[in-house]
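J.: Could you work out the structure for the sequence below:
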Amino acid sequence: MDKILEGLVSSSHPLSLKRVIVRKVVESAEHWLDEAQCEAMFDLTTRLILEGRDPFQRQVGHQVLEAYARYHRPEFEAFFNKTFVLGLLQQGYHSLDRKDVAILDYIHNGLKLIMSCPSVLDLFSLLQVEVLRMVCERPEPQFCARLSDLLTDFVQCIPKGKLSITFCQQLVRTIGHFQCASTQEKELREYVSQVTKVSNLLQNIWKAEPSTLLPSLQEVFASISSTDASFEPSVALASLVQHIPLQMITVLIRSLTTDPNVKDASMTQALCRMIDWLSWPLAQHVDTWVIALLKGLAAVQKFTILIDVTLLKIELVFNRLWFPLVRPGALAVLSHMLLSFQHSPEAFHLIVPHIVHLVHSFKSDGLPSSTAFLVQLTELIHCMMYHYSGFPDLYEPILDAIKDFAKPSEEKIKLILNQCAWTSQSNSLASCLSRLSGKSETGKTGLINLGNTCYMNSVLQALFMATDFRRQVLSLNLNGCNSLMKKLQHLFAFLAHTQREAYAPRIFFEASRPPWFTPRSQQDCSEYLRFLLDRLHEEEKILKVQSSHRPPESLGCGETSLQDVASKAAVVSEASCTNESEKTLIEKMFGGKLRTHICCLNCRSTSQKVEAFTDLSLAFCPSPSMEDLSFQDPASLAHAQDGSLMCASVPGPSEDAVVYNPATAAFVCDSVLNERISSPSNEFHCPENTSVPNESAKILVSKDVPQKLGGEITPSVTDLLNYFLAPEILTGDNQYYCENCASLQNAEKTMQITEEPEYLILTLLRFSYDQKYHVRRKILDNVSLPLVLELPVKRTTSFSSLSENWSVDVDFTDASENIAKKLKPSGSEETFCPKLVPYVLSSVVVHSGVSSESGHYYSYARNTTGTEASLQMCHQPEPLALTPSQNHLRGRDGPAAVMEQDLENKEMSKEWFLFNDSRVTFTSFQSVQKITSRFPKDTAYVLLYKKQNSTGSLNGNNPTSGLWVNGDPPLQKELMDAITKDNKLYLQEQELNARARALQAASASCSFRPNGFDDNDPPGSCGPTGGGGGGGFNAVGRLVF
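T.: Below is the predicted model:
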């Protein structure tokens, strides 16, 4: 029969005839044949299967072999024996190479035919050895795929025990050698299918024998971490990632990142190749493992690897966004790489040239998937442009391309950036180590205490958080200038963009320290603030003078002569004629004007003077409680003092009485304030109010005013400001020298704010001089801090014969022992009420301690601008009639009260920060309000209030439009380069520190306490190394026990 079949398949008869005869041959298989005939038939069909010239011959061989093997199983078992199979696997078949897939297919089918025969067990044992040998020979993907098919159907052929681990490792190595030379889609699909079969085989083995998984993964890492330039492992290894249980991520990443035997070069190669895996289609979880490894490296502070890999692979990852199959994973990895690479814009700028083309392409196709992808991509782009806002030429085309997509809120951007920074990664992999930390979760940077420099740090943080002032400083073009303003700009830029937890302001400290301040000793922060603002103001005036002699450069000064500038510094220009462009930045931001009016009570002659101020000093007084105070009628008191009738009129057409609220004089002035400039009260009523109710002679206490234990009233900043602006009768030792009378006379002094500052600085005068013991003592009285304050401003149209001097402060330091008597004004002022200008609290500098020569300063602050929508408030332009119950600076039931209530309701979601030297934490407005009640030595000292208005920043730049992406202006290239360089240095310092500690980790058994204290706790005092910057109060919290 074998001869007939052999002649038939090689004959030239029609194919249809051949098929009929082959069917007859197959049917004859059930007839009895002797052993020789069976062997001849098996031999022929084997030859047709393995060496058939065409598909028909191979098909005939399969059909006939299966039929005869089924009916003559013992004979086929004798033919398909161990020796025969071993010969096929080791020597091939005639001209057929042993690595030909046809041999594997033949053996696969043969095993199916003798599956029920006892001899199959010998074949399984043989194949367990042979498959390991074949895998070690690094066969091609097609051969491995067929071998995987065989082993999947006959798991008994898979090596057992220790050999199973070796087999898996060798199979991983084999996959690492896979390559597909073709670029045709059909061949590529076939290649992917072959690799998938092999990876599925490994998955099955890992499930059946879990002990093989870890060695297999170690082999994967060994392949991808190889630094052998002659070997490039295949991307096909990516197919294994989807089969690794996700719950093993923590164990595996910890093993990789903490293994001292893994060199940096190997880890860099491994990470680069894992990122290359993103191009492998259909593989799942590749992005998850890549991101996990990136986070793991950040946790052990191997920043050099992260920097090198990010810069090397960021463009490749971005290009993967073009391919739908791998786009989700590529976007996830791209997002993490960009958002974590926060020390420099270099990585982001590598992909910036490609963004616009990608966005336009996806916008044009109109697919829902493309739109959803663009929403995610534009959010990422906004985060990066917010973080690196100093490159308008690069970002303008991008902003135009993505203008149709919603921009995430600033709060969301900050949250994303804070969570993704390398220095924000949890160090759970080395929890016993005390690591150098990056920025706190607040995203804000602390200032290192250089030795009792908390007075400077607290002031600088308050100025930095004055958003409009910070933006103006950062927007100045000061290239080539070595001024104090340049150093402040440098400091602000580092506070905004450094990766460090805290910045050391050594250069700025040396440049800004007043000459009379002893280094490393505690100083008065208010005194430092005045000196700093004065220096900045005077310095800018000098620069304006210098720039007037050459074409305007960095400051853009106008063409003014030296005498003009000098005269501007010493002589007042009329208030109505003041040119805004001629003001310095300090004048624009902190400068206001006070008009002092003194009226002689004898001859009624008056004198007036307008002075500039940058802060107002509000006095405390050693007074009895408000309940015990009573007031005589001010007019009769004045009459008793000077023996004449006090006139309630001024030269002019109208004579209107003035309403005075005794509550504004509830505090008796401290002696240190006797010579301080006072200003008029805001309690002026409109012309129709011509009388004072009897109740006005009594103390009026608002029901909302907080009270101390025992019934004492807690004064508010509003009360102190009212007292500051109350009229004053100059009598006794304080009599006024009247030139008209040519003698000392009783006089009435009033003050009015005629021009309000953008930022109102209020200093609470807590330090009084004890003449008995000749020391300065601290007034520890609690003061309530209103979130919203209304400042009475009486703007004037013109002054004729006024002199004006620039002054950093409005106080005169001539102290007197006499207590100033602030009584009812004579009505000599204008009859209209001042306009109430709303201010919102921006920052509070707190002093902790009992003496000005000791203690500690820290500050509370939040981001505020003059154009916050939630803070807008419309005021009526016409004068307001203030009745006795309404004549506080901020009426409890007025618009400001409603505004403050709204603000307080929103404070739960607002970010307040506590700046305590190096430490920055989140806090709340409630903590600010309760600080003194909880910690009696901690008292508010300097307050910054921000004026609320409807206009933008001073130079006309709109922070919300165009190129000021995060509200701050673009940084000068010189500044950005310095920050980038320092950030890179910092990451290297982190890495070296972590490695040095890691060497001790194996033998050390340690734990650590959390750093610092709760944001409501007192800060303690400054030690030799500074308050919160490594010594003093919270040094214990930094120890490792």
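J.: biggest helix in this protein, by residue count?
T.: helix 973-1001 (DSSP state H).
J.: and that helix, what's its mean pLDDT?
T.: The pLDDT scores in helix 973-1001 average 78.
J.: do stretch 323-342 as well
T.: Regarding stretch 323-342, the rounded mean pLDDT is 90.
J.: Please name every helix or strand in contact with the longest helix of the chain.
T.: Under the contact criterion of 3 or more CB pairs under 8 Å, 6 or more residues apart in numbering; DSSP states H and E, helix 973-1001 touches helix 303-319, helix 484-497. From N, CA and C alone the C-beta is placed, and that goes for glycine too.
J.: quick one: that helix to helix 303-319, angle?
T.: 120 degrees (axes from the mean of the first three to the mean of the last three CA atoms, to 10 degrees).
J.: Buried by neighbour count: which residues of helix 973-1001 qualify?
T.: 975-976, 978-980, 982-984, 986-987, 990-991, 994, 997 (16 or more other CB atoms under 10 Å).
J.: distance between that helix and the chain's centre?
T.: 18 Å (CA atoms, centre = their mean, to the nearest Å).
J.: Can you classify V262 as helix, strand or coil?
T.: The three-state label for V262, taken from DSSP: H, G, I helix; E, B strand; the rest coil, comes out as coil.
J.: same question, R138
T.: At R138 the chain is in coil, as set by three-state DSSP.
J.: Now do the spatially closest residue to I448 that is not a sequence neighbour: how many residues are near it, please.
T.: With CB to CB, 6 or more residues apart in numbering as the criterion, I448 has its nearest non-adjacent residue at 4.3 Å, and that residue is A504. Look at A504: counted by other CB atoms under 10 Å, it has 16 neighbours.
J.: Going forward, the N-terminal residue is numbered 268.
T.: Renumbered: residue one is now 268, and that last one reads A771.
J.: Contacts only, for A771.
T.: L714, I715, L717 (CB atoms under 8 Å, 6 or more residues apart in numbering).
J.: For the residues you listed, which PyMOL command selects only the ones that are buried?
T.: To isolate the buried subset of the contacts of A771 in PyMOL, counting by 16+ other CB under 10 Å, use the following:
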select buried, resi 714+715+717
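J.: Could you dump the contacts of A771 into TSV with pLDDT added?
T.: Below are the contacts of A771 laid out as TSV (pLDDT from 0 to 100):
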residue	pLDDT
L714	93
I715	91
L717	90
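J.: Let me know the closest of the contacts of A771 to H654.
T.: L714 (21.0 Å; CB to CB).
J.: ok, the residue nearest to the closest one when sequence neighbours are not counted to Y1125 distance?
T.: Of all residues not flanking L714 in the chain, N724 sits nearest, at 4.0 Å (CB to CB, 6+ apart). N724 is 8 Å from Y1125, where distance means CB to CB, to the nearest Å.
J.: okay, these two: which has more neighbours?
T.: Neighbour comparison, N724 and Y1125: the larger count goes to N724, with 32 against 25 (by other CB under 10 Å).
J.: Can you list the neighbours in contact with the helix or strand hosting that one?
T.: In the assignment (DSSP states H and E), N724 maps to helix 721-731. Defining contact as CB under 8 Å, 6+ apart, one finds that helix 721-731 is touched by 714, 716, 736-737, 758-759, 762-763, 772, 775-776, 779-780, 789-792, 795-796, 799, 1109-1113, 1123-1126, 1128, 1182, 1184, 1209, 1211, 1289, 1293-1295.
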